[in-house]
Structures are given as structure tokens and as C-alpha cells.
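> here is a sequence together with a model predicted from it:
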Amino acid sequence: MRVAQSFDGLGLGNTEEGTLRDSGASCHVAIIGAGPYGLAAAAHLRAEHVETRIFGEPMAFWERHMPKGMFLRSSASASNLADPDGRLRLDRYHALHGLPHVKPVPIEDFVRYGHWFQQQAVPDVDRRTVTSLVADSQGFRVRIADGEEFHARRVVVATGISPFARRPAQFAGLPAPLASHSFDHADLSRFARQRVVVVGAGQSALESAALLHEAGAEVEVVARAPGTYFIPDWPQTPLVRAARRLLSPIARPPFDIMGPRFVSWLIAWPRLFRRSPRALQDFLTGRAVRPAGASWLASRLAAVPITAGRTVAAATPTGSQLRLRLDDGSERLVDHLLLATGYRVDAARYPFLAPTLLQALRTRDGYPELEVGFESSVPGLHFVGTPAAGTFGPLCRFVVGTRYMARTLTRYITHAGGNGRIRSGRPTANGLLAVRHG
């Protein structure tokens, strides 16, 4: 096969003549979502000559729903999007563009890196929105917002956490000018000179509070947790650096992600996590993703009051402001309430999944139950990224998890589920694929 023209002198092919097309379907694999997981999946599948179409705005969540001025909590070494040859790393992007290596990584740098990755590895992303996905005798019928329909033998859902912003019930119905979720903002400077209460104790809440304070807002954090936890960093003394280099092969986890070091070791093996007892899975998940902030946030929050061990019991609009009553009886009159209350996966909230697909989809606590190849109980339907964390563990919540996902998904599709066959599924009378059990 002849590889198409490479980009940026990297020698990385993007399309190939002779790519295997799936007979009986418009494409073999359709990927919904063009964030880190969708882009990595497309890059790996195409490298194995699997005809793949990918839909969505590249890096849209990171660009539109992460506030300007924020930093990645993960280290630079854990922020690489996975390409098949490992040549589109973040440090490679920095070197090619003459950018300094800074710690932590600014969100603006990561977004630009993501767009660069997309241009090199998957230049033909279709930016249209998928509005409907229905199973049929050929696999799946995919409908686009402009009315186009086509068939795909397999579908990979890689839309990230956008559909799952968690808004506690007691705040339902509050006017948008008075209350919003952190998901709603790409720039917090609009709250300058306003009084804002931030609800939450995780990285999003703490960094939002820091950004609000630095933008000139009067801000307070209210957290249900009894205290604020900052993830400690290694002291960077010459002795510690020498010890880390010496012990790295045995003491350092395979992936440099957040959380206690022993937890990072245990969650670095998603296939083992999947086979672990539920109690161990819950423990590891709780330790890896518990509400916490990066150590570099502590100094930025020194002047920000943090009310720990409290919840907002009631929120009542009062003219152009909001009156908050905490569970200890104290009150706050604020201009805005920012809910940094995280995300809760619920497969039923995917707007494009047909009701028949949702009925056939086995879930646990909202997460789709998945097999080895990230395949759900609906044969040919795969979920990657955070929705896969219920089966494969917290690694899937981090960008560093794109490497394991892309390799595993591609191996499964090209071997176990290849040759245009739908693994372990048969069309039923109503066109819905039979659900695989066991």
C-alpha cells in the first residue's frame, strides 16, 4: 500500500490506498467524539487499515468547557495522546514549535497540542454532530444533524463526559444567571467584582476558586468533605532526584498519574482491574479519584476562605442575587453559585442512543458493562474514555489511558471482531442485534 503524504516532516501517514472497506456497510467503524480518546482510536484503527469515520469538533470539551488559565492536574508525561508510533507526544509538539516545557501544563497548550495531533493523525474529522444511532441488520444506522444517514459495522462512543455534568437536585430550576455548573464556562473572568460561592472540593472546584479570586471576584469554597486535600508532590532535592532515577524501574508506576503511588500501580493494568473483586475496584477508584487538588494550588488559595464539612441546604433567588442557607444555619448572599460538583456517568443520558439500544445495554451504576475490547452488551457498540472506567478502572478517566484503549480496541476489532463480522451477534426480527451474555 502507498502511504499518503506525511505532515510536518514526521513521516506519519494519514490515509492509505487500498484500505479495507467493509462490504455491506458504508464504513467499518464510526467514532462519535473527537477528543483524546476518539482521536487516538481513529489513529490506531487507520494504521491497521480499518476504514474509520470520526465525528465531532476536535478537542471541543477541553476548548469550550475548561476555563481559560487553568492547568492540567496530570503531569506532562501523562498527557500524551496515543498514536501508533509514539511520535506525536506532547514533548515532540513542544520541540517542533519551540515551546518551553512548563509544569504544570497550561490548558491552552494542551488544546493546541490536541489540534496538532488531530491534524497529523486524523486530518479528515467530520465536524458534524451525530443525532441518532439505531441498530439494524448491517450493524448500525447513523444519522447526522443535517439528515445524512449511513451504516457502520461498529460504533465507538468517545464523547467524553460532556453529557454527564452533575447538578444536585436542590439546585434544579435556579436561573442560569444565578447558578451554573463549571461545565458551562470557558472564561471565569466574567465574575470579576462579584461574590461567588463555589461548591465542591476537587480539582475543578479549587482551581475555579483560584481563578475567580485572581480575576477579582470575592469567592468562598463550600465543601462537603471535612477538609481540603492537596496531592503532595515529591520534594525536588538533588538527593530525591537521584533516588527517583535509581528506583524508577521498580518504584515508579508504569503510568505517571495522580493518586497514591501504590494506587497508580494497581490501576495501571485495566485488564486486571476488570477481573478484580468489586470491593477492591471500589477502593481503588475511591482513592484514585477522590476530591483533591494539585499541590501547586495551595498557595493560590491562601486568601480564599474554604468552609469544609458543610453543604448548601437551600438556595433562594432574591432579586438579582441568591441567598444560600448552609446546613449549619448560616447564610450567604451571593451574586452567583458555581457548581463544581463533577460528572456522573449515566448511559441513558446519551442523546443519540435509540431507546431500543438503551434497553439492550447492560449497565452498572450508569456505566456500560464492557468486554475486553471495550464492547458493550450490544455487539459492535463500544464505549471508551470515562464511561469505560466502570469496567476498566480510573485509568480510563485520564488522557494517559488512551494508549491502552487504542491498542486494545484496535487489536480486538482487527482480530477477534474483524473481517466484517459482528462478534457474537445476530440480527433479530426487529433489526436490533441480539445481546451477548456471559
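Done, it's in. Everything numeric here is computed off the predicted structure, so don't read it as measured data.

> tell me the spacing between T228 and H94.
32 Å (Cβ to Cβ, to the nearest Å). For every residue, glycine as well, the C-beta is placed using N, CA and C.

> ditto for N80
To H94, N80 is 11 Å away according to Cβ to Cβ.

> where does this structure have low pLDDT?
For the chain, applying pLDDT under 70 flags the ranges 1-25, 232-265, 416-438.

> in it, which spans are helices?
Under the criterion DSSP state H, the chain contains helices at 36-47, 60-64, 90-96, 107-121, 203-214, 238-251, 261-267, 270-275, 278-288, 355-360, 389-392, 402-411.

> what's the fifth one packed up against?
Put plainly, it is helix 203-214. Judged by 3 or more Cβ pairs under 8 Å, 6 or more residues apart in numbering; DSSP states H and E, helix 203-214 is in contact with strand 195-199, strand 218-223, strand 293-294.

> got JSON lines for the ones you listed, with mean neighbour count and distance to H382 too?
Shown next, in JSON lines, are those (neighbours: other Cβ atoms under 10 Å; distance: least, Cβ to Cβ, whole Å):
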{"stretch": "strand 195-199", "mean neighbour count": "23", "distance to H382": "34"}
{"stretch": "strand 218-223", "mean neighbour count": "22", "distance to H382": "36"}
{"stretch": "strand 293-294", "mean neighbour count": "21", "distance to H382": "32"}
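
> can you put the ones you listed in JSON lines and add distance to R46?
Listed next are the helices and strands packed on helix 203-214 as JSON lines, based on distance: least, Cβ to Cβ, whole Å:
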{"stretch": "strand 195-199", "distance to R46": "42"}
{"stretch": "strand 218-223", "distance to R46": "44"}
{"stretch": "strand 293-294", "distance to R46": "35"}
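
> re earlier: more crowded one of N80 and H94?
The residue with more neighbours, out of N80 and H94, is N80; 23 against 17, by other Cβ atoms under 10 Å.

> was I right about A186 contacting H65?
Yes: at 6.5 Å, A186 counts as touching H65 under the criterion of Cβ atoms under 8 Å.

> same drill for these two, tell me which one is more crowded.
Legend: neighbour count by other Cβ under 10 Å for A186 and H65, higher for H65 (17 against 14).

> hmm, who's touching stretch 209-225?
With contacts defined as Cβ atoms under 8 Å, 6 or more residues apart in numbering, stretch 209-225 is touched by 67, 69-70, 188-189, 191-201, 205-206, 228, 291, 297, 300-301, 303-312, 326, 332, 338.

> just the terminal-to-terminal distance for it.
From its first residue to its last, stretch 209-225 covers 16 Å (Cα to Cα, to the nearest Å).

> could you do stretch 216-225 as well?
Start-to-end span of stretch 216-225 (Cα to Cα) is 26 Å.

> for PyMOL, write the selection for the buried entries among the contacts of stretch 209-225.
Per 16 or more other Cβ atoms under 10 Å, the buried members of these correspond to this PyMOL selection:
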select buried, resi 67+69+70+188+191+194+195+196+197+198+199+200+201+205+206+228+291+297+300+301+304+306+310+312+326+332+338
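
> which ones among the contacts of stretch 209-225 are found in strands?
Counting by DSSP state E, the contacts of stretch 209-225 place 195-199, 306-308, 312, 326, 332, 338 in strands.

> in TSV: those, plus distance to L178.
Output for the ones in strands among the contacts of stretch 209-225, formatted as TSV (distance: Cβ to Cβ, whole Å):
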residue	distance to L178
R195	12
V196	11
V197	11
V198	14
V199	13
I306	22
T307	19
A308	24
V312	13
L326	17
R332	13
L338	10
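
> out of those, which one sits closest to A360?
The shortest gap between A360 and any of the ones in strands among the contacts of stretch 209-225 belongs to V199, at 36.4 Å (Cβ to Cβ).

> how about the contacts made by that closest one?
V199 sits next to 168, 205, 221-223, 312, 337-341 when contact means Cβ under 8 Å, 6+ apart.

> which residues does it form a beta bridge with?
On the basis of DSSP bridges, V199 is bridged to V222, L339.

> this protein - how does it break down into domains?
Domain segmentation of the chain under automatic domain parsing yields 27-164+344-416, 169-229+292-339, 231-288.

> just to revisit the earlier point, which of the helices of the chain is buried the deepest?
Highest mean neighbour count of the helices of the chain: helix 36-47, a mean of 27 (counted as mean count of other Cβ atoms under 10 Å).

> packing partners of that helix?
On a contact count with 3+ Cβ pairs under 8 Å, 6+ apart, helix 36-47 meets strand 27-32, strand 52-55, helix 107-121, helix 402-411.

> try 6 Å this time
strand 27-32, strand 52-55, helix 402-411 (3 or more Cβ pairs under 6 Å, 6 or more residues apart in numbering; DSSP states H and E).

> looking at the ones you listed, which is nearest to D346?
For D346, the closest of the helices and strands packed on helix 36-47 is strand 27-32, at 16.7 Å, according to Cβ to Cβ.

> so what's the residue count around the closest residue to E108 other than its chain neighbours?
Nearest residue to E108, sequence neighbours excluded (Cβ to Cβ, 6 or more residues apart in numbering): K68, at 7.4 Å. Residues contacting K68 under the criterion other Cβ under 10 Å number 14.

> isn't K68 right next to D187, touching?
Yes: if you go by Cβ atoms under 6 Å, K68 and D187 touch, sitting 4.7 Å apart.

> my guess is T402 meets P36, correct?
Yes: with contact defined as Cβ under 6 Å, T402 counts as touching P36 (5.3 Å).

> overlap in contacts, those two.
Common neighbours of T402 and P36, using Cβ atoms under 6 Å, 6 or more residues apart in numbering, are L81.

> next, the contact list for A192, please.
Residues counted as contacts of A192 (Cβ under 6 Å, 6+ apart) are 215-217.

> where's it relative to R89, distance?
A192 sits 37 Å away from R89, going by Cβ to Cβ.
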